[in-house]
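> Could you look at this predicted model? Sequence included:
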Amino acid sequence: MQEIKCPNCGQIFQVDESGYAQILQQVRDKEFEKELERREHDLAQKKENDLTIAKMEQEKSYNEKLAEKDSEIINKNLEIERLKAQLGKADTEKKLAVSEAVQEKDRELSEKGNEITQLQNDLELQKKESELHENSLLEQHKGELKLRDEEIERLKDFKARQSTKMVGESLEQHCMTQFNQIRMTAFPNAYFEKDNDASSGSKGDFIYRESADGTEFISIMFEMKNEMDTTATKQNNEDFFKKLDKDRNEKNCEYAVLVTLLESDNELYNNGIVDVSYKYPKMFVVRPQFFIPIISLLRNAALNSLQYRRELQIVRNQQLDIYNFESNLSSFKDDFEKSVKFASERFGDAIRGIDDTISKLTKIRENLVKSESHLNTANNKLENVSIKKLTKNAPSVRAMFEEIK
């Protein structure tokens, strides 16, 4: 028996070993659950912080690139204006020089007519060269502006259908191709395959999983939606959030990602990676160009938490070992108590059987003793038997014995 003291009233209760083990197991289970919840909360908070930092770094890098391009364009415009000013000044100076030369040559026309003609030709040639140079700068500026616009479009990724590579192929096939192109270099140990299990009534498009040393640290359920996949009635991205969250939970995935071409004019979805966890936990919406970046972003954040996952798994295994040990010990004690109880019952039955046998043997002994007494009495009576006594009341018989004698 074990004693338990109430912390409130001070009363002491006595419980048997089984009850004490159950109370101890309940206390340990509560503490274990509290510790698991605390560590899982810390892990989720750290992953959210890492994801937020990564998104801020991405936006910062994007804004820096845009600022660099805008700065280059401003510098080009200033250069063009400066060149135009120089050309205007040179033209004015040239005209002034021509006028002065003409006046000078008028005075010396008879002597320097050929020289004036040559000077005018030289000035015309220089003017044409200046115009050609200016046109060349303008064409160069237009080319740079075109490259700048293309770069901005590539960085911002406003519309997924700008990718000519996707023309004629489905969105799913496009994403699979993009992933396979870098699978062996970026994700050599990852699992990325079609979700073919529809036993629950629905399925996603792709599942991504990755483990390290036997511990899975990242899993993503993907859903791909192309405008051509829908009916004539336009659908919104939000129409697919509920199903995607259901598929994520049923396939035991940590994250859910919708890769979509729907709502192509929606600025919210055209700005990059959109976190919609305010509606469904750990869910993101991206354009196809952000398909690989979202995997890298979530994977890198998960790698930072891998050590915590390993420590948590170790704690769980230790608690499981303790629980199994205590369970085995409790089972052994129960079996031992049952065996002792069974043996005690059989021992009592054996003692009672022996007592009954002794009682029966005692009665048999008593009967045998009584039988011996009766035999002795009979023997004594037999020894005292004579013909005279036997024929005491039978005179005819006695006469016959006497006659025979």
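Nice, thanks for sending it over. This is a predicted model, so every value here is computed, not measured.

> Quick check: next helix or strand after the longest strand seen in the chain?
Determined from DSSP state E, the single longest strand within the chain is strand 215-225. Next helix or strand after strand 215-225 toward the C-terminus (DSSP states H and E): helix 241-250.

> Across the sheet, point out what pairs with Ile220.
Tyr208, Tyr255 (DSSP bridges).

> from what I can see it touches Ser296, true?
No - Ile220 lies out of contact with Ser296 (Cβ atoms under 8 Å); the separation is 11.5 Å. Any C-beta I mention is one placed from the backbone N, CA and C, and that applies to glycine too.

> Let me know the average pLDDT across the longest strand of the chain.
Averaging pLDDT along strand 215-225 gives 92.

> Remind me what that strand packs against, helices and strands.
Helices and strands touching strand 215-225, by 3 or more Cβ pairs under 8 Å, 6 or more residues apart in numbering; DSSP states H and E, are helix 171-186, strand 206-212, helix 241-250, strand 255-260, helix 291-304, helix 306-383.

> Out of these, point me to the one whose mean pLDDT is lowest.
helix 306-383 - the lowest mean pLDDT of the helices and strands packed on strand 215-225, at a mean of 76.

> the helices in the stretch 1-150 of the chain, which residues?
For the stretch 1-150 of the chain, the helices defined by DSSP state H, counting those that start in this stretch cover 17-107, 109-156.

> Could you find the closest non-adjacent residue to the residue nearest in space to the middle of the chain?
Compute the mean C-alpha point of the chain, and by Cα atoms, centre = their mean the closest residue is Glu254, 3.5 Å away. Once flanking residues are discounted, Glu254 sits nearest to Ser219: 4.9 Å by Cβ to Cβ, 6 or more residues apart in numbering.

> wouldn't that neighbour be in contact with Ile207 here?
Yes - judged on Cβ under 8 Å, Ser219 makes contact with Ile207 at a distance of 7.2 Å.

> When the two are compared, which one has more neighbours?
For Ser219 and Ile207, the more surrounded residue by other Cβ atoms under 10 Å is Ile207, and the numbers stand at 22 against 19.

> Just give the nearest non-adjacent residue to the more buried one, would you?
Spatially, and ignoring its direct neighbours in sequence, Ile207 is nearest to Asp195 (5.1 Å; Cβ to Cβ, 6+ apart).

> Hmm, the residue nearest to the centre of the chain is touching Arg209, no?
No - counting by Cβ under 8 Å, Glu254 does not reach Arg209; the two are 9.5 Å apart.

> measure the closest residue to Ala301 other than its chain neighbours to Ala302 for me?
Leaving out its chain neighbours, the residue that sits closest to Ala301 by Cβ to Cβ, 6+ apart is Asp50, at 4.2 Å. In this view, Asp50 and Ala302 are 9 Å apart by Cβ to Cβ, to the nearest Å.

> Of these two, which one has the most company?
Taking neighbours as other Cβ under 10 Å, Asp50 and Ala302 compare with Ala302 leading, 23 against 18.

> mean pLDDT for the helices of the stretch 1-150 of the chain: which is lowest?
The stretch with the lowest mean pLDDT among the helices of the stretch 1-150 of the chain is helix 109-156, at a mean of 65.

> Reformat the helices and strands packed on strand 215-225 as CSV; add distance to Asn226.
What follows is the helices and strands packed on strand 215-225, written out as CSV (distance: least, Cβ to Cβ, whole Å):
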stretch, distance to Asn226
helix 171-186, 4
strand 206-212, 14
helix 241-250, 15
strand 255-260, 8
helix 291-304, 13
helix 306-383, 35
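
> closest one to Met400 among these?
helix 306-383 (22.2 Å; Cβ to Cβ).

> the domain parsing of this protein - what is it?
Split into domains by automatic domain parsing, the chain comes to 44-156, 164-304.

> if we can go back for a sec, okay, now the residue nearest to Ile207: neighbour count?
Asp195: 18 neighbours (other Cβ under 10 Å).

> Quick check: phi and psi on it?
For Asp195, the backbone dihedrals (degrees, to the nearest 10) come out as phi -90, psi 110.

> Please give me every residue in contact with it.
Under the criterion of Cβ atoms under 8 Å, 6 or more residues apart in numbering, the neighbours of Asp195 are Lys203, Gly204, Asp205, Phe206, Ile207, Met221, Asp247, Lys251.

> mind giving me TSV with those residues and columns for distance to Glu345?
Conversion of the contacts of Asp195 to TSV gives the following (distance: Cβ to Cβ, whole Å):
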residue	distance to Glu345
Lys203	59
Gly204	61
Asp205	66
Phe206	64
Ile207	59
Met221	60
Asp247	59
Lys251	55
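
> Can you flag the buried ones in those?
Lys203, Gly204, Asp205, Phe206, Ile207, Met221, Asp247, Lys251 (16 or more other Cβ atoms under 10 Å).

> Looking at these, which is nearest Val340?
When those are compared against Val340 (criterion: Cβ to Cβ), the nearest one is Lys251, at 50.5 Å.

> For the closest one, give me its contacts.
Counting by Cβ under 8 Å, 6+ apart, Lys251 touches Asp195, Asp197, Gly204, Ile207, Met221.

> Gln235 now?
By Cβ under 8 Å, 6+ apart, Gln235 lies in contact with Lys225, Leu262.

> What backbone torsions are found at it?
Main-chain torsions, Gln235, degrees, to the nearest 10: phi -110, psi 160.

> Distance check, it against Tyr308.
Applying Cβ to Cβ, the value for Gln235 to Tyr308 is 39 Å.

> hmm, back to that, list residues touching both of Ser219 and Ile207?
Cys253.

> could I get the longest strand of the chain in CSV with only the CA atoms?
Output in CSV follows, covering the C-alpha atoms of strand 215-225 (Å, rounded to 0.1, in the frame of the first residue of the first chain):
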residue,chain,number,x,y,z
THR,A,215,13.2,12.7,-39.1
GLU,A,216,10.7,14.3,-41.5
PHE,A,217,11.2,18.1,-41.2
ILE,A,218,9.1,19.5,-44.1
SER,A,219,5.9,18.4,-45.9
ILE,A,220,3.8,20.4,-48.4
MET,A,221,0.5,19.7,-50.1
PHE,A,222,0.3,21.4,-53.6
GLU,A,223,-2.8,22.3,-55.6
MET,A,224,-2.4,23.7,-59.2
LYS,A,225,-5.1,25.7,-60.8
